[in-house]
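S.K.: Got a predicted structure here, sequence first:
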Amino acid sequence: MAIIQFPKDMKWGTATASYQIEGAANEDGRGVSIWDTFSKTPGNVVNGDNGDIACDSYHRFEEDIELMKELGIDVYRFSIAWPRIFPNGTGEINQKGLDYYHRLVDKLIESDIEPMCTLYHWDLPQALQDKGGWNNRETIDAFVQYAEVIFKEFSGKINKWLTLNEPWCISFLSNYIGVHAPGNKNLQLAAQISHHLLVTHGLTVKKFRETGIDGQIGFAPNTTWLEPYSNRQEDIDACNREIGWYVEWFMDPVFKGSYPDFMLEWFKKKGVELDIQDGDMEKINQPIDFLGINYYTGHIARHKENEGLLDWEMVEMNYDRTDIGWPIFPEGFYKVLMRIKESYGDIPIYITENGSCYNDEPENGQVKDSGRINYLQQHLTALSRAIASGVNIKGYITWSLMDNFEWAEGYTMRFGIVHVNYRTLERTKKDSYYWYKQTVANNWFEN
Ligand SMILES: N=NNCCOCCOc1ccc(-c2cn(C[C@@H]3NC[C@@H](O)[C@H]3O)nn2)cc1
């Protein structure tokens, strides 16, 4: 056994997102989002689940904050639902939407928990999707207008901002692979959307600076790691293409002002021609204060000609897997953080999502989710290795505080350290909740 100790100024937190927990989908003036539309289109979500009720956190946020307060966490990462603020994406502001987030943020501050706000966690107003969504550059301007309203409304209350959550999911998972809303399957469209998202991010950072309000801003790309099966260059290159799709494709433009050539060339081979307008790359390349990093899984892979988009195949190694089927690969967490440090230097990093899916149910009021505790121990050990290796980690925010709507998997896949009974909405602290509470209190754990 070993003691894994974290820096004395380490911040600990939990994360959620609006569509996944709030419910109240038709309440207080909220407009329709693309996830309302997508989830109610038969075949898109397991069991036809949707976010109409979810965890009902819209009405139960005070109970949820009490759970966080007992955890002793420093920061709570939540997202604002754009359709609650601008029901039609632009135009008239819905005051009741602003009022809800004031209630939430005020309760957090009263509970000595720092609010970290994600401005966009996938719930695009349907009215904007009807006009082309992220493929329409007018959506960029609509987002900056929405962000400016939020910056000014919550100035002094919220000091940590994330523009976009997982732009790879917003663009490629949702418009090329097609398993998330709006469900397109077109690589050119997805790549162009990824560019518009990066321009959106940059212009939002620029607007944040122009408002002159205090605070720090970043974004939260999702990452993965593929370890080459051999030292053959073709295996190394194949793994770097998948990592590049998640990491360099989004971080190079932000930190270096250009797309990675190796990915541009690969996409060009696949017929992608990005429409980059004059000044776009300068707009994207705005300095940010911190980087959010989301990591769940990775695996070993090798080159395979004409396989998928990037010519690689997974090498099955009898991985331990979580209940959603993702390999447990903590080495990848360490490796991708080292890659980011090597590529982008000492940018302060918050782990804005890391967690696991285990579908354990309560028995006599207890949820014995030892798998989740083991996952946390392995990944926090990997994180401590990265910190010891000089990665500038400022905090760890686990996904998720509570079981919630896991997108296309609906309510079948549980990521929470708190169990939610979706029939009664009763919350039950899992064994991992108590483990995390002790780890936060100690700022160390014994693995
Ligand atoms: N790469 N090739 N894939 C080819 C085949 O993909 C099929 C499916 O792919 C994916 C990839 C990634 C995800 C995913 C989910 N979360 C968890 C959420 N994060 C934000 C927060 O809301 C959490 O709920 N993070 N990532 C899902 C599906």
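M.R.: On my side now, so go ahead. Numbers count the residues shown, from 1 in each chain.
S.K.: contacting residues around stretch 24-34?
M.R.: 19, 36, 50-53, 56, 58-59, 81-84, 86-89, 94, 96-97, 99-100, 122-127, 129, 133, 181-182 (Cβ atoms under 8 Å, 6 or more residues apart in numbering). Using the backbone N, CA and C atoms, a C-beta is placed for each residue, glycine as well.
S.K.: mind running it again at 7 Å?
M.R.: Contacts with stretch 24-34, where a contact means Cβ atoms under 7 Å, 6 or more residues apart in numbering, come from 19, 36, 51-52, 58-59, 81, 83-84, 87-88, 94, 96-97, 100, 123-127, 129, 181-182.
S.K.: again, but for stretch 189-204
M.R.: Residues outside stretch 189-204 that contact it (Cβ under 7 Å, 6+ apart) are 134-135, 137, 140, 143-144, 147, 163-164, 167, 170-172, 175-176, 219, 249-250, 253-254, 267, 272, 274-276, 280, 283-286.
S.K.: Show me the residues you listed that map onto strands.
M.R.: Thr163, Leu164, Phe219 (DSSP state E).
S.K.: Would you mind writing the ChimeraX command to select the buried ones in these?
M.R.: Buried residues among the ones in strands among the contacts of stretch 189-204 (16 or more other Cβ atoms under 10 Å), as a ChimeraX selection:
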select :163,164,219
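S.K.: In TSV: the ones in strands among the contacts of stretch 189-204, plus pLDDT and distance to Glu66.
M.R.: Converted to TSV, the ones in strands among the contacts of stretch 189-204 look like this (pLDDT from 0 to 100; distance: Cβ to Cβ, whole Å):
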residue	pLDDT	distance to Glu66
Thr163	99	30
Leu164	99	30
Phe219	99	30
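S.K.: Including distance to Arg385, could the ones in strands among the contacts of stretch 189-204 go into TSV?
M.R.: Formatted as TSV, the ones in strands among the contacts of stretch 189-204 follow (distance: Cβ to Cβ, whole Å):
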residue	distance to Arg385
Thr163	29
Leu164	28
Phe219	25
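S.K.: Output the longest strand belonging to the chain.
M.R.: strand 291-303.
S.K.: ok, the following helix or strand past it near the ligand or not?
M.R.: Remark: after strand 291-303, the chain's next helix or strand is strand 312-314, criterion DSSP states H and E. No. Strand 312-314 stays clear of the ligand (Cβ under 6 Å from any ligand atom), getting no nearer than 9.8 Å.
S.K.: Quick check: mean pLDDT of strand 312-314?
M.R.: Averaged across strand 312-314, pLDDT comes to 98.
S.K.: Please apply the same query to stretch 146-157.
M.R.: 98.
S.K.: what's the neighbour count on Ala2?
M.R.: Applying other Cβ atoms under 10 Å, we find 9 residues neighbouring Ala2.
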